[in-house]
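Chemist: next comes the sequence, and after it the predicted model I'd like to discuss.
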Amino acid sequence: MTGRRQFGSVRRLPSGRWQARYFTRDGEEHAAPQTFATKADAARFLARVQTEMDRGEWHDPRLARITFGRWVEEYLAGARHKRPTTRARDEVVVRTHFLSALGRKPLTAITPLDVRRLVDDMARRLAPATVRTNYGVLKAVLNAAVEADVIVRSPCRGVKLPAGRSSTRSTLTADDLQRLAAAVPQAYRPVVYIAGVLGLRWSEVAGLRVRHLDFLRRTLTVAETVAEVGGRLQPAATKSRAGTRTLAVPPLLVDMLAEHLAARGRPGPDELVFTSPAGGPLRAANFRTRVWAPAVLAAGLDGLTFHGLRHAAASFMVDGGEHPRVIQHRLGHSTARLSLELYAHVSEAADRAAAAHLNEIFSGATGTPMARPGSKSAGRHPKVGPDQQLLPLYPTGGFDVRNVEVGGSVRSPPR
């Protein structure tokens, strides 16, 4: 027995149950994934499908059988817009933290409870920042499934991520930077200043080529990176459009780079500025073991990472009163907020300078304890003796990171 309807059709099977069938707008016929006990149940199913089609919410039910593991393969294969290092990280995160629990599950069977349990498990074992990164990968994978009409809604909702621990990171001073550079072999001394003054990432330092340096204009252009993916070094464009940038360079660092290239025999424009002892691109692991770790130990800066130099560069600019958009540009971030929240750390000297400035403001205000009526100091800044002078904003030790004006007079770094 077959009953015809305006949308789809239902028929009674020899078993006595009812089957619903319908055509999509592209003319392809589909059968309901299950049979129904009554004709009315089958009719309600067809009505629901028709409503979903009218609203643009219908999804091919065959896609619902795709497992998380199979979808991850498709997602990573199609993520060509991502940097190789990012794709490699995503593969490791998925393989390490999600495939064992979700790999064989159909995407439609993954629930918010499943996701929350995974996050809670990671929170017990990993640092908050790592949990947030891993969750971001999972969320991107499942959001892509929504965009591809494989699932209707992502299960990544209602998840409470662990709060990041407040950082008590000590700021790196210019004296610290000088001491660290002095402990690094001469060939790599400019690397410390490029990262600690200009704020370049490791991959940007490793990818710097001679043509990116303009000695006449005293600028450096960040346009290329070199990163290690799966044990192989791969050149690539910068991290984002914001990452491609041209920076004014302090004359001190310009002279240092010129001396460095002269010592290397003036390499051609397409050659890398910094190379390994064998002449190839720098590898992060080798540099960390052979150059960085011994220098950090010798300088007494235990725990300092190479990325910490980028934090130092941001803090130098904040302490110097640079505009947030200037800091954003020089660090190659998409927003100024990212630059300030993640990288900037205020030094004690800058904090004291702020207190002195506030004191100066309120010393001239009437009706406050700072300016007692009738006192000789009322209405003006009180005199400060030589022994009360604030320390310089940057204890330079011969290297003034504030001197970024082209043509400025600076001293050469210690050798």
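Modeler: The structure has been received and is ready for your questions. Keep in mind that this is a model prediction, so the values were computed, not measured.

Chemist: okay, now the domains of this structure?
Modeler: Per automatic domain parsing, the structural domains of the chain span 2-58, 65-147, 174-343.

Chemist: how about those domains in JSON lines, adding mean neighbour count and distance to Arg153?
Modeler: C-beta coordinates here come from the backbone N, C-alpha and C atoms, glycine included. Output for the domains of the chain, formatted as JSON lines (neighbours: other CB atoms under 10 Å; distance: least, CB to CB, whole Å):
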{"stretch": "domain 2-58", "mean neighbour count": "14", "distance to Arg153": "10"}
{"stretch": "domain 65-147", "mean neighbour count": "16", "distance to Arg153": "7"}
{"stretch": "domain 174-343", "mean neighbour count": "17", "distance to Arg153": "28"}
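
Chemist: switch these over to CSV; also include distance to Cys156 and mean pLDDT.
Modeler: Listed next are the domains of the chain as CSV, based on distance: least, CB to CB, whole Å; pLDDT from 0 to 100:
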stretch, distance to Cys156, mean pLDDT
domain 2-58, 19, 82
domain 65-147, 4, 89
domain 174-343, 22, 87
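
Chemist: in TSV: those domains, plus distance to Glu360.
Modeler: Below are the domains of the chain laid out as TSV (distance: least, CB to CB, whole Å):
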stretch	distance to Glu360
domain 2-58	63
domain 65-147	39
domain 174-343	15
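
Chemist: tell me the bridge partners for Arg12.
Modeler: Trp18 (DSSP bridges).

Chemist: that one is in contact with Trp18, isn't it?
Modeler: Yes: if you go by CB atoms under 8 Å, Arg12 and Trp18 touch, sitting 5.7 Å apart.

Chemist: where do the helices sit along the stretch 201-350 of the chain?
Modeler: Using DSSP state H, counting those that start in this stretch, the helices found in the stretch 201-350 of the chain span residues 202-206, 251-263, 284-287, 293-299, 306-319, 324-331, 336-343, 348-363.

Chemist: go through the ones you listed and name the closest to Thr35.
Modeler: helix 336-343 (54.3 Å; CB to CB).

Chemist: one step back: out of the helices of the stretch 201-350 of the chain, nearest to Tyr193?
Modeler: Of all the helices of the stretch 201-350 of the chain, helix 251-263 comes closest under CB to CB, at 5.2 Å.

Chemist: surely Val222 is in contact with Leu247?
Modeler: Yes: the criterion here is CB under 8 Å, and Val222 meets it with Leu247 at 7.1 Å.

Chemist: circling back to that earlier point, output the helices of the stretch 201-350 of the chain in a markdown table; the columns should cover distance to Leu180.
Modeler: Shown next, in a markdown table, are the helices of the stretch 201-350 of the chain (distance: least, CB to CB, whole Å):
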| stretch | distance to Leu180 |
| --- | --- |
| helix 202-206 | 15 |
| helix 251-263 | 14 |
| helix 284-287 | 14 |
| helix 293-299 | 4 |
| helix 306-319 | 8 |
| helix 324-331 | 20 |
| helix 336-343 | 18 |
| helix 348-363 | 19 |
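
Chemist: Leu142 is nearest to which of the ones you listed?
Modeler: That would be helix 336-343 among the helices of the stretch 201-350 of the chain, by CB to CB, at 24.4 Å.

Chemist: output stretch 306-315 as PDB, nothing but the C-alphas.
Modeler: What follows is stretch 306-315, C-alpha atoms only, in PDB (Å, rounded to 0.1, in the frame of the first residue of the first chain):
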ATOM      1  CA  PHE A 306      63.900  33.000  23.200                       C
ATOM      2  CA  HIS A 307      60.200  34.100  23.000                       C
ATOM      3  CA  GLY A 308      60.800  36.000  26.300                       C
ATOM      4  CA  LEU A 309      62.900  38.500  24.200                       C
ATOM      5  CA  ARG A 310      59.700  39.400  22.300                       C
ATOM      6  CA  HIS A 311      57.900  40.000  25.600                       C
ATOM      7  CA  ALA A 312      60.900  42.300  26.600                       C
ATOM      8  CA  ALA A 313      60.600  44.300  23.300                       C
ATOM      9  CA  ALA A 314      56.900  44.900  24.000                       C
ATOM     10  CA  SER A 315      57.700  46.000  27.600                       C
END
